[in-house]
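In: Based on what follows, work out the 3D shape:
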Amino acid sequence: MNRPQEELLACAVDALLSNICVLDGAGNIVAVNQAWRDFASRNSAAVSDGFVGKNYLTLCDAVVGDDAVVAAAVAAGIRAVLRGDIHEFAHNYPCHSPNEQRWFSVRVTKFQGDDPHVAMSHVNITDLMLASALKDAQQQKLLRLQKLYAAIAEADQLIYQSSDLPWLFTEICRIAVDLGGLTMAWVGEPNLKTERIVPVASYGTGRSFLEDLFVSTRADVPEGCGPTGIAFRENRTTINQNFQIDANIQPWRGRSTPFHWQSLATFPVRRAGAVVALLVVYSTEVNTFDQEEVILLERLSSNLSQAADAIAIAQQKQILEQQLKQSEETYRTLFETISQGVVFQDKAGKIIAANPAAERILGLSLAQMQGRSSMDPRWGTMRPDGSPFPGEVHPSTLALQSGQPVYGVVMGLSKPKAADVVWINIHATPILAKGTGAVEYVYTVFDDITETVRLQRELENQANRDFLTDVASRRYFFTLGSQELARAERYASDVSMLMLDIDRFKEVNDTYGHAAGDQVLKSVAQLCKEALREVDVLGRIGGEEFAILLPQTSGEVALEVAERIRQAVKDTAIHISTRADATPVHVTVSIGVSTIGTAGITLDALLQTADTALYQAKKAGKDRVCCSFDSAAYAVKTVSTPV
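Out: Okay, here's the model as predicted:
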C-alpha cells in the first residue's frame with residue numbers, strides 16, 4: 001500500500017465511531033482512527049499516536065496478569081487471519097476500568113485479494129452485556145416467584161387436608177425447599193418453661209445445624225437476640241439479608257459456615273394471634289428475600305396459622321359435640337370469633353345461621369342470607385377459569401346428598417354492591433343424626449383467598465405479557481396464534497399475519513440511548529393496539545419486531561390494516577423524556593403481510609411468509625408494506641422518513 005493510500009484509509013476510518021486500526025502483513029500498526037487514539041490515550045496517558053508503528057502482536061505478547069489470556073487469544077486470531085487460515089476472527093472480552101465495568105468485541109478482517117493488510121475493530125458492547133444480565137436477573141426472579149407460588153398452592157392443599165400439626169410442619173418445610181427453591185427450613189416451637197425455641201420439624205441441606213441448637217426466648221442473652229428470638233418476642237417477620245456480617249448471628253456463625261448460608265427469614269405461626277411456632281428458612285444467596293417473596297412466604301405462614309386455628313377448632317369441636325348442651329355459650333363464642341367464615345344450612349339446603357366472619361367475607365348480613373340455598377343464582381358463583389359454578393355441585397349440596405364431607409373447593413362469588421369477586425376455599429361437613437345416620441344439616445367453613453388468586457393471576461400475566469410494551473410475549477403469542485389457526489381451520493375462515501419491524505432502530509439506540517429506544521418500542525406498540533380489533537393478537541417476538549395475527553381477515557383487508565399502522569407510526573411524533581431538548585423523534589416501520597384461506601397451514605409457515613414479505617419491504621427501501629400474495633387492488637407507498 002503506497003503513502004497516499006494509507007493517508008486516504010486513515011481519513012476514512014477517522015469518521016467511524018468504533019476503535020479501528022489497520023495492521024500490515026507483519027502485524028505492525030499502520031493506521032488508526034481517532035476513536036482508537038482517544039481510547040489508547042484514556043487508558044495510557046503516555047500514548048497519543050495510538051501505537052502507530054508498533055507491532056500489535058508484540059504488544060499482545062507482552063501483556064501480563066489477568067489480561068494475558070485475552071491478549072493471547074486476540075494475537076492467535078490475528079496471526080490466523082494474517083496466515084490466511086481464516087478470513088475473519090471475532091472475540092468478546094471484558095476490559096473493566098477502575099470506575100466501571102466494560103465489555104468489547106474485537107473483529108479482525110483480511111483485506112480483499114492479495115492485499116496483506118487486515119482491519120481490526122473494537123466495539124463497546126457494555127450496554128448489551130448489562131441488558132442481558134438484567135434480563136437474566138428478571139427471569140430468575142420471576143421463576144423464583146413462580147416456584148414460591150407453586151409451594152403455597154401445594155401447601156394450601158395439605159393444610160386443608162391435615163389434622164396432624166407436627167406432620168404438617170414437616171411437609172411445609174419440605175415444600176419450602178423442594179418447590180420454593182430454598183436451602184433449608186425448620187419449624188421451632190417456644191418452650192416457656194425452658195425459655196428455648198425447640199426445633200420440631202425440618203427439611204433440606206444442613207439439618208445437622210439443628211443438633212443441640214440453642215435459641216433463647218429471652219432478650220437479655222445473645223442467643224435470644226437473633227432473628228428467630230426477635231420474631232417470637234415481637235410477633236413479626238424478621239429478615240436477615242446478609243447472614244455472615246450481621247452481629248446478631250454471631251452465636252451461630254461458626255456452625256453455619258459449612259452450609260454457605262447468606263440470608264434467612266423467620267415467620268411467626270400464630271394461633272388466636274399468639275405465636276405458637278416459627279418457620280425459619282435459609283438461602284445461599286445474599287438479599288434473597290425481597291418484598292414480593294416476603295409477601296408470598298408470609299402468606300404461607302398465615303396459612304399455617306389458619307391451619308393451627310383450624311386444627312385447634314377441630315379438636316375443640318370433638319369436645320363441644322360431647323358437651324354441647326352444657327357449653328352452648330363457649331361454642332357460640334368460638335363460632336363468632338374465628339377468622340374463617342362458617343355457614344349452617346338445614347337438610348333442605350336453606351341457610352339458618354352464619355358467623356360474623358362469613359358476613360364480612362360474603363358482604364351480606366345474616367338476615368340477607370337466611371332462607372337462601374346454594375342453588376340461588378344471586379350468589380353468582382364461578383370456577384377459577386371464569387365458567388359458572390352450578391349450585392348442583394356446590395360442596396354443601398354434595399355433602400347433603402352424599403352424607404360425606406367435601407374439602408378444598410375453590411369458588412368465586414360476586415360480592416354485592418361491588419364490582420369485584422371474592423374467592424373462597426370452602427369445606428362442607430354434614431352433621432348426621434345419632435342412631436339413624438340421616439343428614440340433619442350441613443355446615444361450611446371457608447377462607448377468603450382473594451389475594452392468593454390475585455397473586456396467581458398477576459404472575460400468570462407477567463409470564464404472558466412483554467414487560468416493556470405490555471403486549472403478548474413471544475411464547476404467549478405462539479400459544480394464542482395456534483389457537484386462532486385451529487379455530488380458523490374449524491370454521492374455514494381466512495387468517496392473516498403482519499410482521500412489523502421498526503426501521504433503523506439501532507440508530508435510535510445509538511443516538512439517543514436505550515431508554516429512548518424503549519419509549520419508541522412502547523409508542524409503536526400502542527399505535528398498533530389503537531389500529532387493531534379486540535380479537536386481533538399483537539405480540540413482541542424480537543427486539544424491535546412485532547407480529548400481528550388477524551383472525552377472519554382476508555389479505556386485502558390485512559393490507560389496509562398494515563398501511564394504516566405504517567402511516568400512523570410515520571405521522572406520530574414520539575417525545576423522548578430523556579432528551580435535553582423537546583425535539584420529537586420520528587420513526588418508520590416496514591411490514592410484511594401473509595394470509596391463508598385453506599386448511600393445513602401451520603403458524604410457522606404463516607410467520608415465514610410474512611417474514612419473507614417483510615424482508616422485501618426492507619430491501620425495497622423501508623417504510624412500506626409488502627405482501628406474500630398478488631394484490632392488484634393495492635398500491636404500496638414507498639415513502640421513507642429518516643430518524
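
In: What's the local residue count around residue 218?
Out: 12 (other CB atoms under 10 Å). Placement of C-beta: from N, CA and C, glycine included.

In: was I right about it contacting residue 224?
Out: Yes. Residue 218 is within contact range of residue 224, at 4.3 Å (criterion: CB atoms under 8 Å).

In: what about the longest strand in the protein?
Out: Criterion DSSP state E: the longest strand present in the chain is strand 421-432.

In: Report the buried residues of that one.
Out: Buried residues in strand 421-432, counting neighbours by 16 or more other CB atoms under 10 Å, are found at 421-430.

In: With pLDDT as extra columns, can I get those in CSV?
Out: Formatted as CSV, the buried residues of strand 421-432 follow (pLDDT from 0 to 100):
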residue, pLDDT
421, 85
422, 88
423, 88
424, 88
425, 89
426, 91
427, 91
428, 90
429, 90
430, 90
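
In: Which member of those residues is positioned nearest residue 547?
Out: Relative to residue 547, the closest of these is residue 421; by CB to CB it sits at 33.0 Å.

In: Give me the mean pLDDT for stretch 529-539.
Out: Average pLDDT, stretch 529-539: 91.

In: quick one: contacts of that stretch?
Out: 466, 471-474, 476-477, 480-481, 484, 525, 528, 546-552, 561, 564-565, 568 (CB atoms under 8 Å, 6 or more residues apart in numbering).

In: Quick check: end-to-end length of it?
Out: Terminal residues of stretch 529-539 lie 10 Å apart, using CA to CA, to the nearest Å.

In: same check, this time on stretch 236-255
Out: Stretch 236-255: ends 26 Å apart by CA to CA.

In: Please apply the same query to stretch 57-67.
Out: First residue to last in stretch 57-67 (CA to CA) measures 14 Å.

In: Quick check: buried residues in that stretch?
Out: Applying 16+ other CB under 10 Å to stretch 57-67 flags 57, 60 as buried.

In: again with stretch 545-554
Out: So, applying 16+ other CB under 10 Å, buried residues of stretch 545-554: 545-553.

In: The residue lying closest to residue 246 once chain neighbours are set aside - how many residues pack around it?
Out: Distances taken as CB to CB, 6 or more residues apart in numbering place residue 240 nearest to residue 246, at 5.5 Å, with adjacent residues excluded. Neighbours of residue 240 under the rule other CB under 10 Å: 23.

In: do the same with residue 200
Out: 14.

In: for the one 5 residues further on, same thing?
Out: The burial metric for residue 205, expressed as a neighbour count using other CB under 10 Å, is 15.

In: Show me where the stretch 1-150 of the chain has its strands.
Out: Taking DSSP state E, counting those that start in this stretch to define them, one finds strands in the stretch 1-150 of the chain at 19-23, 29-32, 88-94, 103-110, 118-124.

In: okay, these, which one's buried deepest?
Out: Of these, the one with the most neighbours on average (mean count of other CB atoms under 10 Å) is strand 19-23, at a mean of 23.

In: now the angle from that one to strand 118-124?
Out: 160 degrees (axes from the mean of the first three to the mean of the last three CA atoms, to 10 degrees).
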